[in-house]
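Student: Only the shape, not the letters, is given here:
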């Protein structure tokens, strides 16, 4: 739902619940799959920062 509304989504071990058994690569792969399935586009941190700066700008 967040992706469909244009919200930025982040993923990885730092965002996983305590006790998560998947490694970071598996978590990111799942997130990429879900974002793309929802019609979103995966970008890196530099792209997100640039987009946020442009919005505040």
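Tutor: The structure has been received and is ready for your questions. The model shown is predicted, which means the values in this text are computed figures rather than measured ones.
Student: any idea how far residue 41 is from residue 34?
Tutor: 13 Å (Cβ to Cβ, to the nearest Å). Where C-beta positions appear, they are placed from N, C-alpha and C, glycine not excepted.
Student: report the longest helix in this protein, please.
Tutor: helix 24-37 (DSSP state H).
Student: Report the mean per-residue pLDDT for that helix.
Tutor: Average pLDDT, helix 24-37: 94.
Student: what about residue 51, helix or strand, and which?
Tutor: helix 45-56 (DSSP states H and E).
Student: which helices and strands sit right next to that helix?
Tutor: Packing partners of helix 45-56 (3 or more Cβ pairs under 8 Å, 6 or more residues apart in numbering; DSSP states H and E): none among the helices and strands.
Student: where's it relative to the chain centroid, distance-wise?
Tutor: 14 Å (Cα atoms, centre = their mean, to the nearest Å).
Student: who touches that helix?
Tutor: residue 8 (Cβ atoms under 8 Å, 6 or more residues apart in numbering).
Student: for the longest helix of the chain, which positions count as buried?
Tutor: 27, 31, 35 (16 or more other Cβ atoms under 10 Å).
Student: Between those, which sits nearest residue 1?
Tutor: If you rank the buried residues of helix 24-37 by distance to residue 1 using Cβ to Cβ, residue 35 comes first, at 12.0 Å.
Student: and residue 4, what does it touch?
Tutor: With contact taken as Cβ under 8 Å, 6+ apart, residue 4 is in contact with 38, 39.
Student: So it versus residue 34, what's the distance?
Tutor: 11 Å.
Student: Would you check the distance separating stretch 20-30 from the middle of the chain?
Tutor: Using Cα atoms, centre = their mean, the offset of stretch 20-30 from its chain centre is 13 Å.
Student: Contacts made by that stretch with the rest, please.
Tutor: Stretch 20-30 has contacts (Cβ under 8 Å, 6+ apart) with 11, 12, 13, 15, 16.
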